[in-house]
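In: For reference, the sequence and a predicted model appear below.
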Amino acid sequence: MSERHDFYRHIHKGLRLGGARLLVRLGQADWAQPAASAELLADLRGHLALARKHLEHEDAEINVIMRTKALDLGLRLDHDHADHFAAFGRLEAAIKATEQAAGIERERAGHRLYLAFSRHVGEDLLHMAREEEEAMPVFQARYDDGELQAIENRIKGSIPLDELIAYFRLILPGCAPAERVALLADIRAGAPAEVYAIVEAQAARVALDDGEWRALQAGLAQLPAAA
(Lines give C-alpha, C1' and ligand atoms only; values in the text may rest on other atoms or scores of the structure.)
Protein backbone atom coordinates (compact mmCIF):
# COMPACT_ATOMS: atom_id res chain seq x y z
CA MET A 1 0.00 0.00 0.00
CA SER A 2 1.00 3.63 -0.37
CA GLU A 3 3.09 4.99 2.51
CA ARG A 4 1.00 8.17 2.57
CA HIS A 5 -2.74 8.42 2.95
CA ASP A 6 -4.47 8.55 -0.44
CA PHE A 7 -8.19 9.36 -0.35
CA TYR A 8 -8.56 8.61 -4.06
CA ARG A 9 -7.12 5.11 -4.02
CA HIS A 10 -9.92 2.88 -2.78
CA ILE A 11 -12.95 4.64 -4.21
CA HIS A 12 -11.27 4.82 -7.61
CA LYS A 13 -10.52 1.10 -7.51
CA GLY A 14 -14.20 0.49 -6.86
CA LEU A 15 -15.39 2.80 -9.63
CA ARG A 16 -12.96 1.25 -12.09
CA LEU A 17 -14.26 -2.21 -11.23
CA GLY A 18 -17.89 -1.12 -11.54
CA GLY A 19 -17.32 0.55 -14.89
CA ALA A 20 -15.35 -2.39 -16.28
CA ARG A 21 -17.99 -4.91 -15.23
CA LEU A 22 -20.77 -2.90 -16.83
CA LEU A 23 -18.81 -2.36 -20.02
CA VAL A 24 -18.41 -6.13 -20.40
CA ARG A 25 -22.10 -6.71 -19.67
CA LEU A 26 -23.18 -4.09 -22.18
CA GLY A 27 -21.00 -5.69 -24.83
CA GLN A 28 -22.51 -9.12 -24.11
CA ALA A 29 -26.12 -7.93 -23.80
CA ASP A 30 -28.91 -9.63 -25.73
CA TRP A 31 -31.12 -6.61 -26.31
CA ALA A 32 -33.87 -8.90 -27.64
CA GLN A 33 -34.41 -10.10 -24.04
CA PRO A 34 -36.32 -7.22 -22.38
CA ALA A 35 -36.20 -8.50 -18.79
CA ALA A 36 -32.45 -9.18 -18.77
CA SER A 37 -31.61 -5.91 -20.48
CA ALA A 38 -33.93 -3.99 -18.16
CA GLU A 39 -31.92 -5.26 -15.18
CA LEU A 40 -28.70 -4.25 -16.92
CA LEU A 41 -29.99 -0.75 -17.63
CA ALA A 42 -31.10 -0.38 -14.00
CA ASP A 43 -27.62 -1.42 -12.84
CA LEU A 44 -26.06 1.07 -15.25
CA ARG A 45 -28.25 3.86 -13.90
CA GLY A 46 -27.25 2.89 -10.36
CA HIS A 47 -23.56 3.01 -11.23
CA LEU A 48 -23.89 6.39 -12.93
CA ALA A 49 -25.72 7.76 -9.88
CA LEU A 50 -22.84 6.69 -7.64
CA ALA A 51 -20.32 8.15 -10.08
CA ARG A 52 -22.20 11.45 -10.15
CA LYS A 53 -22.34 11.64 -6.36
CA HIS A 54 -18.64 10.83 -6.17
CA LEU A 55 -17.87 13.85 -8.34
CA GLU A 56 -20.14 16.00 -6.19
CA HIS A 57 -18.25 14.84 -3.08
CA GLU A 58 -14.94 15.72 -4.75
CA ASP A 59 -16.25 19.13 -5.82
CA ALA A 60 -17.38 19.92 -2.27
CA GLU A 61 -14.35 18.71 -0.31
CA ILE A 62 -11.38 18.22 -2.65
CA ASN A 63 -11.43 20.35 -5.79
CA VAL A 64 -12.39 23.45 -3.83
CA ILE A 65 -9.10 23.03 -1.94
CA MET A 66 -7.10 22.12 -5.03
CA ARG A 67 -7.94 25.44 -6.69
CA THR A 68 -6.25 27.24 -3.78
CA LYS A 69 -3.08 25.10 -3.98
CA ALA A 70 -2.58 24.45 -7.70
CA LEU A 71 -4.99 26.58 -9.69
CA ASP A 72 -4.22 25.22 -13.15
CA LEU A 73 -4.63 21.62 -12.03
CA GLY A 74 -7.76 22.51 -10.08
CA LEU A 75 -9.31 24.09 -13.14
CA ARG A 76 -8.35 21.04 -15.22
CA LEU A 77 -10.11 18.77 -12.74
CA ASP A 78 -13.14 21.08 -12.80
CA HIS A 79 -13.18 20.82 -16.60
CA ASP A 80 -13.00 17.02 -16.39
CA HIS A 81 -15.93 16.98 -13.98
CA ALA A 82 -17.99 19.27 -16.21
CA ASP A 83 -17.35 16.90 -19.11
CA HIS A 84 -18.42 13.95 -16.94
CA PHE A 85 -21.65 15.64 -15.88
CA ALA A 86 -22.46 16.32 -19.53
CA ALA A 87 -21.68 12.67 -20.33
CA PHE A 88 -24.11 11.51 -17.64
CA GLY A 89 -26.87 13.40 -19.44
CA ARG A 90 -25.97 11.85 -22.78
CA LEU A 91 -25.83 8.38 -21.26
CA GLU A 92 -29.25 8.78 -19.65
CA ALA A 93 -30.64 9.81 -23.03
CA ALA A 94 -29.03 6.73 -24.59
CA ILE A 95 -30.50 4.50 -21.88
CA LYS A 96 -33.98 5.91 -22.50
CA ALA A 97 -33.57 5.46 -26.26
CA THR A 98 -32.69 1.82 -25.71
CA GLU A 99 -35.65 1.29 -23.38
CA GLN A 100 -38.08 2.81 -25.86
CA ALA A 101 -36.79 1.01 -28.96
CA ALA A 102 -37.99 -2.36 -30.24
CA GLY A 103 -36.70 -5.05 -32.55
CA ILE A 104 -33.64 -4.25 -34.61
CA GLU A 105 -33.78 -0.62 -33.45
CA ARG A 106 -33.34 -1.81 -29.87
CA GLU A 107 -30.21 -3.73 -30.89
CA ARG A 108 -28.85 -0.61 -32.60
CA ALA A 109 -29.72 1.63 -29.65
CA GLY A 110 -28.09 -0.82 -27.25
CA HIS A 111 -24.90 -0.82 -29.29
CA ARG A 112 -24.85 2.99 -29.38
CA LEU A 113 -25.22 2.97 -25.60
CA TYR A 114 -22.35 0.51 -25.33
CA LEU A 115 -20.11 2.75 -27.41
CA ALA A 116 -21.10 5.86 -25.47
CA PHE A 117 -20.37 4.15 -22.16
CA SER A 118 -17.04 2.83 -23.46
CA ARG A 119 -16.05 6.40 -24.30
CA HIS A 120 -17.10 7.56 -20.83
CA VAL A 121 -15.16 4.76 -19.13
CA GLY A 122 -12.04 5.63 -21.12
CA GLU A 123 -12.27 9.30 -20.22
CA ASP A 124 -13.00 8.47 -16.59
CA LEU A 125 -9.96 6.19 -16.36
CA LEU A 126 -7.75 9.01 -17.60
CA HIS A 127 -9.35 11.46 -15.18
CA MET A 128 -8.93 9.21 -12.14
CA ALA A 129 -5.30 8.55 -13.07
CA ARG A 130 -4.74 12.33 -13.28
CA GLU A 131 -6.19 12.77 -9.81
CA GLU A 132 -4.01 10.03 -8.31
CA GLU A 133 -0.80 10.84 -10.18
CA GLU A 134 -1.02 14.66 -10.19
CA ALA A 135 -3.53 15.89 -7.61
CA MET A 136 -2.74 13.50 -4.76
CA PRO A 137 0.95 14.50 -4.59
CA VAL A 138 -0.13 18.14 -4.28
CA PHE A 139 -2.26 17.26 -1.26
CA GLN A 140 0.40 15.02 0.27
CA ALA A 141 2.99 17.80 -0.02
CA ARG A 142 0.78 20.24 1.87
CA TYR A 143 -1.12 18.11 4.41
CA ASP A 144 -0.16 15.39 6.85
CA ASP A 145 -1.92 12.04 6.86
CA GLY A 146 -4.25 13.03 9.68
CA GLU A 147 -5.45 16.04 7.69
CA LEU A 148 -5.91 13.92 4.56
CA GLN A 149 -7.87 11.36 6.57
CA ALA A 150 -10.05 14.17 7.94
CA ILE A 151 -10.95 15.24 4.39
CA GLU A 152 -11.94 11.67 3.55
CA ASN A 153 -13.88 11.31 6.81
CA ARG A 154 -15.90 14.43 6.03
CA ILE A 155 -16.88 12.90 2.70
CA LYS A 156 -17.78 9.55 4.25
CA GLY A 157 -19.73 11.28 6.99
CA SER A 158 -21.88 13.07 4.41
CA ILE A 159 -22.94 9.83 2.66
CA PRO A 160 -26.14 8.05 3.74
CA LEU A 161 -25.59 4.49 4.95
CA ASP A 162 -27.39 2.82 2.03
CA GLU A 163 -25.26 4.76 -0.43
CA LEU A 164 -22.11 3.94 1.54
CA ILE A 165 -23.02 0.25 1.32
CA ALA A 166 -23.32 0.57 -2.47
CA TYR A 167 -19.86 2.12 -2.67
CA PHE A 168 -18.33 -0.56 -0.47
CA ARG A 169 -19.84 -3.28 -2.65
CA LEU A 170 -17.58 -1.95 -5.40
CA ILE A 171 -14.60 -0.91 -3.30
CA LEU A 172 -14.04 -4.16 -1.41
CA PRO A 173 -13.85 -6.53 -4.40
CA GLY A 174 -11.85 -3.91 -6.27
CA CYS A 175 -9.16 -3.74 -3.58
CA ALA A 176 -6.28 -6.00 -2.63
CA PRO A 177 -6.81 -8.38 0.33
CA ALA A 178 -4.71 -6.30 2.74
CA GLU A 179 -6.61 -3.16 1.77
CA ARG A 180 -9.93 -4.87 2.53
CA VAL A 181 -8.71 -5.77 6.00
CA ALA A 182 -7.51 -2.22 6.64
CA LEU A 183 -10.79 -0.71 5.43
CA LEU A 184 -12.97 -2.96 7.58
CA ALA A 185 -10.67 -2.55 10.57
CA ASP A 186 -10.97 1.23 10.23
CA ILE A 187 -14.77 1.02 10.19
CA ARG A 188 -14.76 -1.41 13.12
CA ALA A 189 -12.61 0.98 15.14
CA GLY A 190 -14.42 4.20 14.28
CA ALA A 191 -18.08 3.43 13.61
CA PRO A 192 -20.86 2.25 15.92
CA ALA A 193 -20.99 -1.54 16.20
CA GLU A 194 -24.35 -1.71 14.45
CA VAL A 195 -23.01 0.26 11.47
CA TYR A 196 -19.99 -2.02 11.22
CA ALA A 197 -22.26 -5.07 11.32
CA ILE A 198 -24.34 -3.67 8.43
CA VAL A 199 -21.26 -2.91 6.32
CA GLU A 200 -19.85 -6.35 6.99
CA ALA A 201 -23.11 -8.19 6.22
CA GLN A 202 -24.52 -6.10 3.39
CA ALA A 203 -21.31 -5.03 1.63
CA ALA A 204 -18.39 -7.33 2.41
CA ARG A 205 -20.29 -10.63 2.58
CA VAL A 206 -22.40 -9.81 -0.46
CA ALA A 207 -19.59 -8.49 -2.66
CA LEU A 208 -16.81 -10.98 -1.89
CA ASP A 209 -16.67 -14.62 -2.88
CA ASP A 210 -16.25 -17.30 -0.22
CA GLY A 211 -12.46 -17.38 -0.44
CA GLU A 212 -12.17 -13.60 -0.27
CA TRP A 213 -14.56 -13.50 2.67
CA ARG A 214 -12.59 -16.10 4.60
CA ALA A 215 -9.34 -14.24 3.92
CA LEU A 216 -10.93 -11.02 5.14
CA GLN A 217 -12.15 -12.62 8.34
CA ALA A 218 -8.76 -14.25 8.95
CA GLY A 219 -7.04 -10.90 8.50
CA LEU A 220 -9.43 -9.12 10.83
CA ALA A 221 -9.00 -11.87 13.46
CA GLN A 222 -5.28 -11.11 13.63
CA LEU A 223 -5.96 -7.49 14.59
CA PRO A 224 -6.89 -6.23 18.05
CA ALA A 225 -10.62 -6.17 18.63
CA ALA A 226 -12.35 -2.80 18.68
CA ALA A 227 -12.51 -1.23 22.11
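Out: Arrived safely. Nothing here was measured: the structure is a model prediction, and the numbers come from that model.

In: Tell me how this structure divides into domains.
Out: As assigned by automatic domain parsing, the chain contains the domains 1-159, 161-227.

In: And the first one, how far out from the chain middle?
Out: Meaning domain 1-159. Relative to its parent chain, domain 1-159 has a centroid offset of 7 Å by C-alpha atoms, centre = their mean, to the nearest Å.

In: try the shortest one
Out: A distance of 16 Å separates the centroid of the chain from that of domain 161-227, by C-alpha atoms, centre = their mean.

In: What are the buried residues along the longest helix that the chain contains?
Out: For the chain, the helix that runs over the most residues, judged by DSSP state H, is helix 71-100. By neighbour count with 16 or more other C-beta atoms under 10 Å, helix 71-100 contains the buried residues 73-74, 76-77, 80-81, 84, 87, 91, 94-95, 97-98. Every residue, glycine included, has its C-beta placed from N, CA and C.

In: same question, stretch 15-23
Out: Of all the residues in stretch 15-23, those buried under the rule 16+ other C-beta under 10 Å are Leu15, Arg16, Leu17, Gly18, Gly19, Leu22, Leu23.

In: With stretch 141-150 instead?
Out: So for stretch 141-150, counting by 16+ other C-beta under 10 Å, buried means Tyr143, Leu148.

In: Now the terminal residues of that stretch, how far apart.
Out: This stretch, stretch 141-150, spans 16 Å end to end (C-alpha to C-alpha, to the nearest Å).

In: which residues touch that stretch?
Out: When contacts are defined by C-beta atoms under 8 Å, 6 or more residues apart in numbering, stretch 141-150 is touched by residues Arg4, His5, Asp6, Phe7, Lys69, Phe139, Gln140, Ile151.

In: just these now: which is nearest Gly174?
Out: Relative to Gly174, the closest of the contacts of stretch 141-150 is Asp6; by C-beta to C-beta it sits at 14.3 Å.

In: Which residue comes closest to the closest one once chain neighbours are left out?
Out: Met136 (5.5 Å; C-beta to C-beta, 6 or more residues apart in numbering).

In: Which SSE is immediately downstream of the longest helix of the chain?
Out: Sequence order places helix 103-130 as the next helix or strand after helix 71-100, per DSSP states H and E.
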